[in-house]
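> 3D, please:
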Amino acid sequence: MQKVITVLLLFSLSFALKAQDALPTRSIFLELGGAGLPYSFNYDFRFDKERMDSWGMRVGAGGYSIENSSFFSLPVMVNKLYGNGPHYFEMGMGMTFFTYKENRFDNSYCSSWYYDSNGNYVCNSYVNYENNYSFILPVDGSPSVMGTLNIGYRRVPVDGGFTWRVNLTPIFNNNGFWPLFAGVGFGYAF
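As a prediction, the model looks like this:
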């Protein structure tokens, strides 16, 4: 029995020592601006669990609902870190899928009307107006996709913990390119 307890204790100790040596290749963070557009909650991980300066991926979700409008975004990016802990240069690219809704009562207005014999308002013909939604760049409709690039600095403590990032995040779609969009993120690396 004593041998079994000793083996279990050594086995548990080896896992504890290995866990202390593990790199913080995963993180969760809140990003204001950046790939999630207004903001997003994200999960980032490295494909190679043994190296921080490697390729990785992030996925997130963000959105809001205010009075008569709502917005939901889903950023997905691949990225590469360069450098040594805790300082990394980050480059990446991806797409942000998003949907929005703007309630303007209706997508049309009455161009010709009359009052019937009971005094009720009656519209003869409607004119549809175009959707003028834009998030920095004009958007053709909802749902939609915005391409994103990422160039920035990421600080990740070598033993995990509080992490932060600052990024220039150019965005683009079929209506144009905006190079000066940026983001800042704060979170926890583990």
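> from here on, just use CA atoms for contacts and neighbour counts.
Will do.
> where's Leu81 relative to Gly183, distance?
Distance, Leu81 to Gly183, using C-alpha to C-alpha, to the nearest Å: 17 Å.
> again but with Glu31, I slipped
Taking C-alpha to C-alpha, one finds Glu31 at 6 Å from Gly183.
> higher neighbour count, those two?
Between Glu31 and Gly183, counting by other C-alpha atoms under 10 Å, Glu31 is the more crowded of the two (25 against 20).
> which residues does that one form beta bridges with?
Glu31 has these beta-bridge partners by DSSP bridges: Ser40, Gly185.
> who's in contact with it?
39-42, 183-186 (C-alpha atoms under 8 Å, 6 or more residues apart in numbering).
> what about the helix or strand harbouring Trp113, average pLDDT?
Per DSSP states H and E, Trp113 falls inside strand 108-115. The pLDDT scores in strand 108-115 average 75.
> for it, the distance to its chain's centre please.
43 Å (C-alpha atoms, centre = their mean, to the nearest Å).
> residues of that strand that come out buried?
Under the neighbour-count criterion of 16 or more other C-alpha atoms under 10 Å, strand 108-115 has nothing buried.
> quickly run through the sheet partners of it, with directions.
Going by DSSP bridges, the partners of strand 108-115 are strand 121-128 (antiparallel).
> after the strand it pairs with, heading C-terminal, what element do we hit next?
strand 134-135.
> quick one: strands adjacent to that next one?
Strand 134-135 has these strand partners (DSSP bridges): strand 137-138 (antiparallel).
> show me what contacts the spatially most central residue of the chain?
Centroid-nearest residue in the chain, with C-alpha atoms, centre = their mean: Gly36, separated by 3.1 Å. Residues near Gly36 by C-alpha under 8 Å, 6+ apart: 60-62, 73-75, 96.
> can you list the low-confidence ranges for the protein?
1-21, 103-109, 126-133 (pLDDT under 70).
> what ranges does it have for its helices?
2-21 (DSSP state H).
> quick one, strands of it?
26-33, 39-46, 55-66, 69-84, 87-102, 108-115, 121-128, 134-135, 137-138, 144-155, 161-168, 171-173, 176-178, 182-189 (DSSP state E).
> and the angle from the third one to strand 69-84?
So that's strand 55-66. 160 degrees (axes from the mean of the first three to the mean of the last three C-alpha atoms, to 10 degrees).
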